[in-house]
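Undergrad: Got a predicted structure plus its sequence, pasted below:
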Amino acid sequence: MYLRTLRYLQAQVPCKEQYPFNISAFEHFQELHLPTNITFFVGENGSGKSTLLEAIAYECGFHTAGGSRNHLYDVHESHSALGEYIRLIWSRKVARGFFLRAETFYQFASHLDLMFDPSGRKYDAYGGKSLHEQSHGESFLSLFKNAFGHKAIYLLDEPEAALSPTRQLSLMRIIKELEHDAQFIIATHSPILLGYPNATIYDFDQQISEVRYEETLHYILTKRFLDAKDKVLDELFLDLP
């Protein structure tokens, strides 16, 4: 484990009424401990999980629209207001890593295509060809399989956005292969990924708190739907003609 604690310098925030500082999860937030190499952030859209992940990426020196320290390109998601008030405490600091942001992955793929590389090997870490020449899911897995390695920290923002359930399991296997000397922090809605064994899970709904897998709303709703699909649908459509 490399990154062990996040500290929020809330007292230094000039205006707590402005976004993203007014997100309810940050109201009483002071520190977040990362006791395991695999950590998940869960919560509804707008709960702050992706915002905090972006702030970590900012403090790691990664491009906040997606990429590593070596990727510089212009896109509107290129600054983290929260990141200026987050401090990272490391057991052993690493420079290697990657921030995957699903919503700006297209721009990242375009950036790779435009990079000048006289060696002709710029796609080696991405499956040997342009990410735009692969399906969305294939390009994500190409990144995970070829660019991810040991002694690094990986920040993944909703990686399931392009992954079928089968490929989510493939991602879990890749994480398992790297788990002993790489660290992952993942913001997700996927009940499959959240089932990764012995991971730390933080729920961002209302306030940031550690929860067990079976306590996540993602698990509860998915299990209820699978156990009693007809009953759930009857309740959902009860007032519709």
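TA: That came through fine. The structure presented is a predicted model; accordingly, all values stated were derived computationally and were not measured.
Undergrad: By mean pLDDT, which helix or strand of this protein comes out lowest?
TA: helix 105-114 (a mean of 60; mean pLDDT, DSSP states H and E).
Undergrad: Which helix or strand lies directly C-terminal to it?
TA: helix 136-147 (DSSP states H and E).
Undergrad: Which other helices and strands does that next one contact?
TA: Packing contacts for helix 136-147, counted by 3 or more C-beta pairs under 8 Å, 6 or more residues apart in numbering; DSSP states H and E, involve strand 97-101, helix 105-114, helix 165-178. C-beta: built from backbone N, CA, C; applies to glycine.
Undergrad: Counting neighbours, which bits of it end up buried?
TA: 137, 139-145, 147 (16 or more other C-beta atoms under 10 Å).
Undergrad: Stretch 55-64 now?
TA: 55-60, 62-64.
Undergrad: Any chance of JSON lines for those residues, columns secondary structure and distance to Gln30?
TA: As requested, the buried residues of stretch 55-64 are exported to JSON lines (DSSP: H, G, I helix; E, B strand; the rest coil; distance: C-beta to C-beta, whole Å):
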{"residue": "Ala55", "secondary structure": "helix", "distance to Gln30": "14"}
{"residue": "Ile56", "secondary structure": "helix", "distance to Gln30": "16"}
{"residue": "Ala57", "secondary structure": "helix", "distance to Gln30": "20"}
{"residue": "Tyr58", "secondary structure": "helix", "distance to Gln30": "19"}
{"residue": "Glu59", "secondary structure": "helix", "distance to Gln30": "16"}
{"residue": "Cys60", "secondary structure": "helix", "distance to Gln30": "20"}
{"residue": "Phe62", "secondary structure": "coil", "distance to Gln30": "24"}
{"residue": "His63", "secondary structure": "coil", "distance to Gln30": "28"}
{"residue": "Thr64", "secondary structure": "coil", "distance to Gln30": "23"}
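Undergrad: Mind telling me what element Leu32 is part of?
TA: Going by DSSP H and E, Leu32 is in strand 31-33.
Undergrad: just checking, what packs against that strand?
TA: Looks like strand 31-33 contacts strand 3-8 (3+ C-beta pairs under 8 Å, 6+ apart).
Undergrad: May I have the strands that pair with the strand it packs on, each with its orientation?
TA: strand 31-33 (antiparallel), strand 86-90 (antiparallel) (DSSP bridges).
Undergrad: pLDDT averaged over the longest one - what is it?
TA: Rounded to a whole number, the mean pLDDT of strand 86-90 is 97.
Undergrad: ok, and for it, which residues are buried?
TA: Those would be 86, 88, for strand 86-90 by 16+ other C-beta under 10 Å.
Undergrad: again, but for stretch 92-99
TA: Across stretch 92-99, burial judged by 16+ other C-beta under 10 Å covers 94, 96-99.
Undergrad: Switch these over to JSON lines; also include distance to Asn37 and pLDDT.
TA: What follows is the buried residues of stretch 92-99, written out as JSON lines (distance: C-beta to C-beta, whole Å; pLDDT from 0 to 100):
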{"residue": "Val94", "distance to Asn37": "12", "pLDDT": "91"}
{"residue": "Arg96", "distance to Asn37": "15", "pLDDT": "91"}
{"residue": "Gly97", "distance to Asn37": "13", "pLDDT": "92"}
{"residue": "Phe98", "distance to Asn37": "16", "pLDDT": "89"}
{"residue": "Phe99", "distance to Asn37": "17", "pLDDT": "91"}
